[in-house]
Every structure is written in structure tokens, then in C-alpha cells.
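Undergrad: Sequence first, then the predicted structure:
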Amino acid sequence: MKNITTLFCFLCCICVLKAQHSHSSQHALTYPNIDGYLTLKADLHIHTVFSDGNVWPTIRVQEALRENLDAISLTEHLEYQPHKDDIPHPNRNRSYDLALEEAKEHELLIVHGSEITRSAPMGHNNAVFISDANLLVTNKADKAFSEAKKQNAFVFWNHPAWHAQNSKGNPILSNFQKERIRKGELHGIEVINSVDYSEEALALALDQNLTIMGTSDIHGLIDWDYTEKGNDRPLTLVFAKEKSLESLQEALFQGNTVAVYNSLLVGKPEFLVPLIQASIKINKATYLPKTQVLEVELENNSSSDLLFENQMEYNFYNSSPVFTVEAQGTYKLLIKTLVAKEGIDLRLKALGAFTAPKQQPVVEWKISVEK
């Protein structure tokens, strides 16, 4: 009996330890793949105590695993080190090394990155896919960018509309940025940073052919800053050929992205429209008995609530023209087709999605009616 009790206690301890180290979560984020691409969920603007964040790098890895992310980058400020008296680290690669070690038994991609921090007009910029952050530490901003280019880094402009650097809250494309773009040293721009969305930054992205980015810029805990407030962290959805650092980097340089924050989705139509199409599954389409009212059940298999407006010639029976299919939820439409149809084209404007400032795409699904 004593042996059985001892064995039972031992097994309980193992279960507790496994539970403590578990990365499973009810808040895992999911977005569907689109034709020809894997959809990789990435947050490439993150801070820890190795610059001005409040957590250790291992916590950032554990948060990402809990949320089912595919890639993160710990982009510590190179020039701004407020914790250096408590955590001296002349090696600017240390944060990356710790995260890489924590993630080694998992499939999470750790992208080596740093933040080049200057006052306006240069502002803050993230260089990711670097090989050595120490070589980016320089008094001359243009040399930091040229060194990043030598390392084949993907560089994007952080929070360009940040009111602390521009009181009007609008991004200003200075001669410095124009020169970086001309030299192939600036490749992307944050359209979504933390809780802020900038239409002006989206206009710059489209005008200058910069990759559209969305990031959390997290300094505290994801749970405190986002989850407990009922929000998901902002992400860049990257459409890559495979899940690898090389493919992720290639896709970013090609501009294969959609920025996401809760129900807001921002991207070029060639990626945004297929993403919304793939996010909605048609579970069934049948006429109500003895009527010409078509019941269509929609299922949202993404982590974003999707807000739509009817764009068909048919009216709805059971709701206004505007409706929401909640994340991971279903919604039943009753469509008055007036005569029985073998199939219809469901045409909906995605009200929470933007392909350009104030431009929302109309998305279509071909529906075959069940008999």
C-alpha cells in the first residue's frame, strides 16, 4: 500500500510539472492558409528587459507558444538601455540568444532583430533577420542602415504616426526615409502598432511599395496589455511558401502580408481577399420548407470577428444588411431569392478590411444549393 501511495504521489508531481510547463491556451490564434501559401502568424516588434521591456526573453517565447504564433523577433533598442545598471549587457545579441535557447524544442521561429532608435525625422526602425546586432551600434544613423543591408536585413519603419515624435499624429516621409528607400535599406512600414492604426501609413506603404506590417510593440505582459482587455495582440500575417526563416524573410521582402488587430485587417487585395474567402466556410445552403428563403450557414475559422455588408441583389429575411460572423463562430443568413435557385453568388463587403485608406473589398463565394 505504501508503494502504491508513493507511486501515486510521484505521478501527481509529474502531472503538475507538465501542467506548469504547458504552452496550451484557450487563446490560441488561428488564421487559414490561402491557395499557394502558408499563413504564418508573426509579431516582429517585441521588447524585454534587455532594452525597455519588463519581462525576460523566455517569457516572450512562452507567450508566443501559448498564442500559437509562428514567428517572433525580440527587437531591443540598440541605443536606449534603461535597465543597463541592473542588467549590463554589452552584447546586443544576448536577448536573441536566450529566446533561441528557450524555443529550441518548439517550432516557433526566432528572428534575430534589433531596433535602431533615433529622434525624428529618422524615428525608430526595426532591422530583422540580422546576423550581429553589435555591428549596428554606431553614432551615424545612415551607417546603421547600411550595415543592416550588408546583413541582408529586412528593415521596417516603426509607429510612423506616433504623436510623441509628430504632434499631428501623421507620418512624415522625410528625405532620410526617401534615401533609405532609394538605397534599398527600408522595406516595410507599421500600419498597425499596438492599438493604433494609421491610414496615412497605409497610404505611404502603397505609394512607396513598402511591406504592410502589424506589431504589438509589447513592453509589458501580453495578458495584461491585451488579453485581459479583451483584445488579441496585433500581428503580421505573412504568406510564405513554407515555415522557415528563409521563406518568411523572402515573403516579407515580396510584401506578402496582411496586418491584423482584432477585427481590423489591412493588406493588398491579392492577399486580403483570399484570406477572407478562406476564413469563411459555407456549412450548408438549403431552402426553408415550402419557401423561397435560402438558409446559409457561415462559419468563421479565423480569430478575427468579420463584419460584412450585403452587396447582392437579394435582401436578407432575418437581419439588417450589416452583420458579424464572430471569430470561430457561425451565423445563419436567410436570403430572399424570390425564386428557387440552384446556386447563388454570395457577395459581401468586408467592412473591417482595408486595401487602401477607406477602401473595403467586396468578397464573393459561390454557393451550391443543397436539394
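TA: Looks like it arrived, so ask away.
Undergrad: bridging residues for Thr286?
TA: Counting by DSSP bridges, Thr286 forms beta bridges with Glu295.
Undergrad: Distance check, Met312 against Asn318.
TA: Distance, Met312 to Asn318, by Cβ to Cβ, to the nearest Å: 15 Å. Any C-beta I mention is one placed from the backbone N, CA and C, and that applies to glycine too.
Undergrad: So these two - more neighbours on which side?
TA: Neighbours were counted for Met312 and for Asn318 using other Cβ atoms under 10 Å; Met312 has more, 15 against 12.
Undergrad: Quick one: distance of the strand or helix carrying Ser114 to the chain centre.
TA: Assigned by DSSP states H and E, Ser114 belongs to strand 113-117. Counting by Cα atoms, centre = their mean, to the nearest Å, strand 113-117 is centred 19 Å from the centre of its parent chain.
Undergrad: what's that strand packed up against?
TA: strand 76-77, strand 124-128, helix 141-150 (3 or more Cβ pairs under 8 Å, 6 or more residues apart in numbering; DSSP states H and E).
Undergrad: From the chain's centroid, how far away is the first one?
TA: This means strand 76-77. 20 Å.
Undergrad: what are the ranges of the helices in the stretch 201-350 of the chain?
TA: For the stretch 201-350 of the chain, the helices defined by DSSP state H, counting those that start in this stretch cover 222-225, 245-254, 269-279.
Undergrad: could you check the angle helix 141-150 makes with the strand holding Ser114?
TA: On the basis of axes from the mean of the first three to the mean of the last three Cα atoms, to 10 degrees, strand 113-117 is oriented at 160 degrees to helix 141-150.
Undergrad: May I have the phi/psi pair for Asn256?
TA: phi -90, psi 70 (degrees, to the nearest 10).
Undergrad: Tally up the residues packed near the residue lying closest to it once chain neighbours are set aside, please.
TA: Closest residue to Asn256 apart from its sequence neighbours, by Cβ to Cβ, 6 or more residues apart in numbering: Phe239 at 4.1 Å. Using other Cβ under 10 Å, Phe239 has 24 neighbouring residues.
Undergrad: how near is Phe239 to Lys183?
TA: As for Phe239, its distance to Lys183 is 27 Å (criterion: Cβ to Cβ).
Undergrad: beta partners for the closest residue to Glu309 other than its chain neighbours?
TA: Closest residue in space to Glu309, ignoring its immediate chain neighbours: Lys349 at 4.4 Å, by Cβ to Cβ, 6+ apart. Applying DSSP bridges to Lys349 gives these bridge partners: Glu309, Val362.
Undergrad: pretty sure the residue nearest to Asn256 contacts Phe271?
TA: Yes: under the criterion of Cβ atoms under 8 Å, Phe239 makes contact with Phe271 at 5.6 Å.
Undergrad: what's in contact with the strand holding Ser114?
TA: 44-45, 47, 51, 73-80, 92, 96, 124-130, 133, 136, 141, 144-145, 148, 158 (Cβ atoms under 8 Å, 6 or more residues apart in numbering).
Undergrad: Narrow those to those that are buried.
TA: Buried members of those, scored by 16 or more other Cβ atoms under 10 Å, are 44-45, 47, 51, 73-79, 92, 96, 124-130, 133, 136, 141, 144-145, 148, 158.
Undergrad: quick one on the thing from earlier: count of neighbours near the residue nearest to Glu309?
TA: By the criterion of other Cβ under 10 Å, Lys349 has 16 neighbours.
Undergrad: dump the residue contacts of Ile282.
TA: Here Ile282 is in contact with 296-299, 346, 365, 367 (criterion: Cβ under 8 Å, 6+ apart).
Undergrad: Among those, pick out the one closest to Leu264, please.
TA: Nearest to Leu264 among the contacts of Ile282 is Leu298, at 19.7 Å by Cβ to Cβ.
Undergrad: The closest one reaches Val325, doesn't it?
TA: Yes: between Leu298 and Val325 there is a contact under Cβ under 8 Å: 5.2 Å.
Undergrad: overlap in contacts of these two?
TA: 280, 331.
Undergrad: Between the two ends of stretch 312-327, how far is it?
TA: 23 Å (Cα to Cα, to the nearest Å).
Undergrad: Now do it: distance to the chain's middle.
TA: Worked out by Cα atoms, centre = their mean, stretch 312-327 lies 28 Å from the chain centre.
Undergrad: circling back to that earlier point, distance-wise, check the residue nearest to Asn256 relative to Ala127.
TA: Phe239 is 22 Å from Ala127, by Cβ to Cβ.
Undergrad: again, but for Leu173
TA: For Leu173, the distance to Ala127 equals 19 Å [Cβ to Cβ].
Undergrad: Would you state the predicted confidence (pLDDT) at the closest residue to Asn54 other than its chain neighbours?
TA: Using Cβ to Cβ, 6+ apart and skipping residues adjacent in sequence, the residue nearest Asn54 is Gly220, 5.1 Å away. At Gly220, the pLDDT value in this model is 97.
Undergrad: which stretches of the stretch 151-300 of the chain form strands?
TA: Taking DSSP state E, counting those that start in this stretch, the strands of the stretch 151-300 of the chain run over residues 154-157, 188-193, 196-197, 211-215, 235-240, 257-261, 264-267, 280-287, 293-300.
Undergrad: chain center to the third one, what's the gap?
TA: If I follow you right, that is strand 196-197. Its chain's C-alpha centre and that of strand 196-197 lie 13 Å apart, by Cα atoms, centre = their mean.
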